[in-house]
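Novice: mind folding the following:
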Amino acid sequence: MIWFDIKNLENKISNNELTDKDGFSYVLANLILTTIVLSFVTNNANGWIKLSQCVISILINVWGLKTVYEVNNEIDGKDFFKRFFAINWVIGMRLIVITLIFVVIVGIIIGIVSEKNYMNFNDPNPIRDIVGLIFSAMISFICYLLIINSFRRLKTTLE
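Specialist: The predicted model follows:
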């Protein structure tokens, strides 16, 4: 299973070397990671922020999946899930690393600049919740853009 090297993964897909077992591994890895994240994430945001986050997430996911599916159909219409989960895994790993680095840097800056601990997730803070909503929407949107671009690169290599 490839974790970070998108070019290697794209080459493997282009050469039709990605097996059903590989696809299963990527699907399984995605489901495990999603389950872990959803199990540990707590959100003390008020109702309208939770509702907004839900609606925005649904819209981004519907747009992203529909676009990726259409690009895959322009390629050859085959192996959508195998391709999608494999590419999503590698791009997701990259985004997790970049996001963690960004969050640590921002946390350090906020800790240095502020005397109050704004990172206390038990205290209600609507500004922090709105920033979190915007940040998570941006990450989801960027993730789909990267996936779409990867599928488009596959289209040119498979044609």
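
Novice: can you classify the closest residue to Leu9 other than its chain neighbours by secondary structure?
Specialist: What sits nearest to Leu9 in space, not counting adjacent residues and going by Cβ to Cβ, 6 or more residues apart in numbering, is Ile2, at 4.7 Å. In this view, the C-beta of every residue, glycine as well, is placed from N, C-alpha and C. Under the three-state scheme (DSSP: H, G, I helix; E, B strand; the rest coil), Ile2 adopts coil.

Novice: where does this structure have low pLDDT?
Specialist: For the chain, the stretches flagged by pLDDT under 70 are 38-45, 111-125, 159.

Novice: run through the neighbouring helices and strands of the helix or strand containing Ile139.
Specialist: Element membership for Ile139, per DSSP states H and E: helix 126-158. Contacts defined by 3 or more Cβ pairs under 8 Å, 6 or more residues apart in numbering; DSSP states H and E place helix 126-158 against helix 6-14, helix 47-75, helix 80-113.

Novice: deepest-packed of those, please.
Specialist: Of the helices and strands packed on helix 126-158, the one with the most neighbours on average (mean count of other Cβ atoms under 10 Å) is helix 6-14, at a mean of 17.

Novice: how far away from the center of its chain is it?
Specialist: Computed by Cα atoms, centre = their mean, to the nearest Å, the chain-centroid distance of helix 6-14 equals 19 Å.

Novice: returning to what we had before: next, the angle from the helix holding Ile139 to helix 80-113.
Specialist: Counting by axes from the mean of the first three to the mean of the last three Cα atoms, to 10 degrees, helix 126-158 points 140 degrees away from the direction of helix 80-113.

Novice: now the angle from helix 126-158 to helix 47-75?
Specialist: 0 degrees.

Novice: residues of helix 126-158 that come out buried?
Specialist: Residues of helix 126-158 classed as buried by neighbour count (16 or more other Cβ atoms under 10 Å): 128-129, 132-133, 137, 139-140, 143-144, 146-148, 150-151, 153-154.

Novice: with stretch 26-33 instead?
Specialist: 26-27, 29-30.

Novice: among those, which two are most distant?
Specialist: Largest separation among the buried residues of stretch 26-33 by Cβ to Cβ: Val27 and Ala29, giving 7.4 Å.

Novice: okay, and the common contacts of the two?
Specialist: Phe85 (Cβ atoms under 8 Å, 6 or more residues apart in numbering).

Novice: still on that earlier bit, shouldn't the residue nearest to Leu9 be in contact with Asn11?
Specialist: No. Counting by Cβ atoms under 8 Å, Ile2 stays clear of Asn11, with 10.0 Å between them.
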